[in-house]
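Student: I would like the atomic coordinates for the input below:
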Amino acid sequence: MKRAWLLLLACAMLMVLLVSLSNRFTAPAEAAASAPATAVARESAAAVQEQPGNGVEEARASDVAAQNLALFFGRDDRVFISTPYAQPYSAVGKMETVGESRCTATLVAPDLAVTAAHCFLMTPHKLDQGKWFWAGYHQGKWQARYRIEAQIFHPKFRQGLDYKGDDVYIKPSAAPYDIAWLKLKFVDGVAPAPMPIYTGNHSDDLLVRIQRYDSKVTQAGFAHDHREQLTAHQGCAVTGLIDDNTLEHQCDTLSGDSGSPLWLTTENGPLLIAVQSSAPDWFNRSKADNTAVTVLQLPKKPK
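Tutor: Next comes the predicted model:
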């Protein structure tokens, strides 16, 4: 009897030992299974924080938006122009150079357009020839395509540029000459009607014209935040006509709007009077308005 009891006790102790050993080997196996999942989750969170388009990119985009708002005088008053562009917007188009710099230009004759001279001088000490002008451009398509055969602007302009990093600064001595003719050759599409251009030759007469229409103009271009679609600021203010035949104005513009037209809406239709030239840095907005160069400053019309 005693032997049987001892045998039972031994069996019970053996079962306890086996369960204990089983628990010792099972628990680490479960931990090993969960540990990699926890580690992967932790690494994924770190990767998400480092990926562009999250916190850092959102902060950068927020900064750019705030800077643009400062450049827009505190409010973005631009509107999208519906397609197909009607006159006079169909005469406004995108211009591209051989070096793929892009500006806005305006058809003013069957074989002529106007734009800003600095569009061809974005690379230090190098002339970047014009290549294409697309009138009525929208989302990679156009109403008419023209090859740029020549760009003509005053030689004093090239002498008055200052390059700092990726930025081009126009010295006061060069500011009145930031306007250029484009000599065009029609390639394909349907040519739009050119926009009429002011043909007077005296600033006093131009000032009277501007004041007759409450010193309000329309500006339209392909700003860098909407590269593929034409935007316009309608009824923006001209704040001054300077002695050097440049205009100060408060139209909402960004890079890409360089060379874009400013026109009066008259009883006889649109009348192009200037092209967008430059704007101050966003942090200097309170010190200066935007600058446009009037067509009074155009060099002799090419034949």
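Student: For stretch 207-223, buried residues please.
Tutor: Neighbour-count burial for stretch 207-223, with 16 or more other Cβ atoms under 10 Å as criterion, is recorded at 210, 215, 217-223. In this view, the C-beta of every residue, glycine as well, is placed from N, C-alpha and C.
Student: Among these, which lie within helices?
Tutor: Ile210 (DSSP state H).
Student: And for stretch 239-252, what's in contact with it?
Tutor: 71-73, 76-78, 175-176, 203, 206-207, 210, 215, 217, 219, 233, 236-238, 262, 273-274, 276-277, 288-294, 296-297 (Cβ atoms under 8 Å, 6 or more residues apart in numbering).
Student: Show me which of the residues you listed are buried.
Tutor: With burial judged by 16+ other Cβ under 10 Å, the buried subset of the contacts of stretch 239-252 is 71-73, 77-78, 175-176, 206, 210, 215, 217, 219, 233, 236-238, 262, 273-274, 276-277, 289-294, 296-297.
Student: In helices only, show me those.
Tutor: Those of those lying in helices (DSSP H): 71, 206, 210.
Student: closest to Leu107 among these?
Tutor: The closest of those to Leu107 turns out to be Leu206 (Cβ to Cβ; 21.3 Å).
Student: And the pLDDT for that closest one?
Tutor: With respect to pLDDT, Leu206 scores 97.
Student: isn't it right next to Ile273, touching?
Tutor: Yes. Between Leu206 and Ile273 there is a contact under Cβ atoms under 8 Å: 6.5 Å.
Student: which residues do the two both contact?
Tutor: Common contacts of Leu206 and Ile273 (Cβ under 8 Å, 6+ apart): 198, 294.
Student: helix/strand/coil for Phe283?
Tutor: helix (DSSP: H, G, I helix; E, B strand; the rest coil).
Student: now swap in Asp63 and tell me
Tutor: The three-state assignment at Asp63 reads helix, by three-state DSSP.
Student: so how far is Ala70 from it?
Tutor: Computed as Cβ to Cβ, to the nearest Å, the Asp63 to Ala70 distance reads 11 Å.
Student: Look at the two and report which has more neighbours.
Tutor: Ala70 (16 against 11; other Cβ atoms under 10 Å).
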